[in-house]
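Colleague: Quick one, structure for this:
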Amino acid sequence: MIEYLKQKIQTREVFEIVYHGGSKPGGKREIVAINISGDKLRAHCMITDMTKTFLIEKIQVEEIDRHQNFDELDFQSEIIKTANSLNLKIVDEANDCLFIYRPKKRGTGYLKHPFASIIWEEWNEELNQPRVKPFTIRFEKFETKSFKLKEKALNCLYQYLKEYESNTSDNELAS
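Modeller: Okay, the predicted model is just below:
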């Protein structure tokens, strides 16, 4: 158990435990292990967004794999179909970022900066703690939205693409 927890401290992975102590004995908790001191584990609880201390002897580990990269995400085919129909370029970088580029108005190729992106970051380096909302969508006009669930983030991106599609169709009709 100690070796397992030490590994989780090194990787900063979110994992699930059943804690047989505290205010809700037997309750499941998603945590990020921070350090071990004697017989205690200090960890950040994702449910309460607080750092807590757990007695190691009262921890039961239920292994879950929280690492989700964009290769593993089940993208809705409508997002890809819509992006392709609008001649948008989709780039998947480092398995945790997806960038969408618009074509140049004149000439060939695509604009230098993405018009929309979705980024998955499990750990907040600045605060040295896990992110409560690890999925971030960034739009062309520097608007940013964060989500806890990938489904909501993907739905937001899909709605943005549909709005772009509608605006593109309206502009083509006007010219």
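
Colleague: ok, C156 to K162 distance?
Modeller: Computed as C-beta to C-beta, to the nearest Å, the C156 to K162 distance reads 11 Å. Every residue, glycine included, has its C-beta placed from N, CA and C.

Colleague: Kindly report the same for I100.
Modeller: Between I100 and K162 the computed distance is 13 Å (C-beta to C-beta).

Colleague: These two: which is more packed in?
Modeller: The neighbour count for I100 versus K162, taken as other C-beta atoms under 10 Å, is higher for I100 (23 against 14).

Colleague: Tell me what the nearest residue to the more buried one once chain neighbours are set aside is bridged to.
Modeller: Leaving out its chain neighbours, the residue that sits closest to I100 by C-beta to C-beta, 6 or more residues apart in numbering is A116, at 4.5 Å. Bridge pairing for A116 (DSSP bridges) gives the partners I100, F139.

Colleague: these two touch, right, A116 and T136?
Modeller: No - here A116 lies out of contact with T136, judged by C-beta atoms under 8 Å, at a distance of 11.3 Å.

Colleague: For the two, indicate the residue with more neighbours.
Modeller: Remark: of A116 and T136, A116 carries more neighbours, 22 against 17, as counted by other C-beta under 10 Å.

Colleague: Please, where are all the strands along the chain?
Modeller: Assigned by DSSP state E, the strands in the chain fall at 14-19, 27-37, 40-45, 50-55, 59-62, 89-93, 97-101, 116-120, 123-124, 129-130, 135-139, 144-147.

Colleague: Within the sheet, what are the partner strands of the fourth one, with directions?
Modeller: Read that as strand 50-55. Strand 50-55 has the following strand partners under DSSP bridges: strand 40-45 (antiparallel).

Colleague: With just CA atoms, put the partner strand into PDB.
Modeller: C-alpha atoms of strand 40-45 as PDB (Å, rounded to 0.1, in the frame of the first residue of the first chain):
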ATOM      1  CA  LYS A  40      -0.900   9.300   7.400                       C
ATOM      2  CA  LEU A  41      -1.500  10.300   3.800                       C
ATOM      3  CA  ARG A  42      -2.000  13.900   3.000                       C
ATOM      4  CA  ALA A  43      -4.100  14.300  -0.200                       C
ATOM      5  CA  HIS A  44      -6.300  16.700  -2.100                       C
ATOM      6  CA  CYS A  45      -9.900  15.500  -2.100                       C
END
